[in-house]
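K.L.:
just a sequence and a predicted model for now, questions to come.
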Amino acid sequence: MRTAIHPNVTVVDHPLIVHKLSLMRDKTTPSSVFRQLLREISLLLGYEVLRDLPVELRPIETPVGPMDARFIKGKKLVFVPILRAGVGLLDGLLDLVPSARVGHIGLYRDPKTLQPVQYYCKLPEDIAERLVVLVDPMLATGNSVAAAVALLKARGVKDIKLVCLLSAPEGIAALTAAHPDVRVYTAAVDSHLNDHGYIVPGLGDAGDRMYGTK
């Protein structure tokens, strides 16, 4: 693991993650394998993202005697994928925390302006009282993620972390300027964005790669 680009950005470059990510970048990797790899990477990223969850002691009985055991403290967190590609990272995180609440934010990027357009939002009523892990495979321009963070803050959320597979320097700059309190966890920071707002070298459109729609 290393921190790069910005103090709020943690690049989780474990060998298993970089190997699986390289397989995902290959344009010949089929959608079924792409989805499985994304799930596996999300599980590996989740360990780092949730490293500082608070814990508390509770008395239990083991088969050989009593002890004070450590359990996660307080209300469980909320995972919020940005539709549609964010769903690909959700399953691995739920494998780690099955009891987590799940919200959904639907945004798409206008191909001409590259600005986000909201079409759906469903969040837990008490989301303001919980840690929120926002999930989106690609931090490209940063516009969609920044819009999602603004929406969460409008609901009263104060503790937000972002999990993404790939990031571009432009997206990191935009997000950290708009929301300097949001911590970013990513598997890689690539070179730049092209004229169409895609990360280079990247892996293409994550949603299309997941579902075989292009």
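P.N.:
Structure's in. What do you need? Residues are numbered from 1 along each chain as shown.
K.L.:
report the buried residues of the helix ranked longest in the chain.
P.N.:
Longest helix of the chain, by residue count under DSSP state H: helix 31-49. Within helix 31-49, the residues scored as buried using 16 or more other Cβ atoms under 10 Å are 34-46, 48-49. In this view, the C-beta of every residue, glycine as well, is placed from N, C-alpha and C.
K.L.:
and that helix, what's its mean pLDDT?
P.N.:
Across helix 31-49, pLDDT averages out at 94.
K.L.:
just checking, next helix/strand downstream of it?
P.N.:
For helix 31-49, the succeeding helix or strand toward the C-terminus, using DSSP states H and E, is strand 55-62.
K.L.:
direction included, what does that next one pair up with?
P.N.:
Strand pairing for strand 55-62, using DSSP bridges, gives strand 65-72 (antiparallel).
K.L.:
show me what the following helix or strand past the partner strand pairs with in its sheet, parallel or antiparallel.
P.N.:
Under the assignment DSSP H and E, the closest C-terminal helix or strand after strand 65-72 is strand 78-83. Strand pairing for strand 78-83, using DSSP bridges, gives strand 101-102 (parallel), strand 104-109 (parallel), strand 132-135 (parallel).
K.L.:
for strand 78-83, the averaged confidence score.
P.N.:
94.
K.L.:
can you list contacts of the following helix or strand past that strand?
P.N.:
Using DSSP H and E, the helix or strand that directly follows strand 78-83 along the chain is helix 87-96. With contacts defined as Cβ atoms under 8 Å, 6 or more residues apart in numbering, helix 87-96 is touched by 35, 38-47, 50, 79, 81, 100, 102, 133, 135-137, 163, 165, 206, 210.
K.L.:
try 7 Å this time
P.N.:
For helix 87-96, the surrounding residues in contact (Cβ atoms under 7 Å, 6 or more residues apart in numbering) are 35, 38-40, 42-43, 46, 50, 79, 81, 100, 102, 133, 135, 137, 163, 206, 210.
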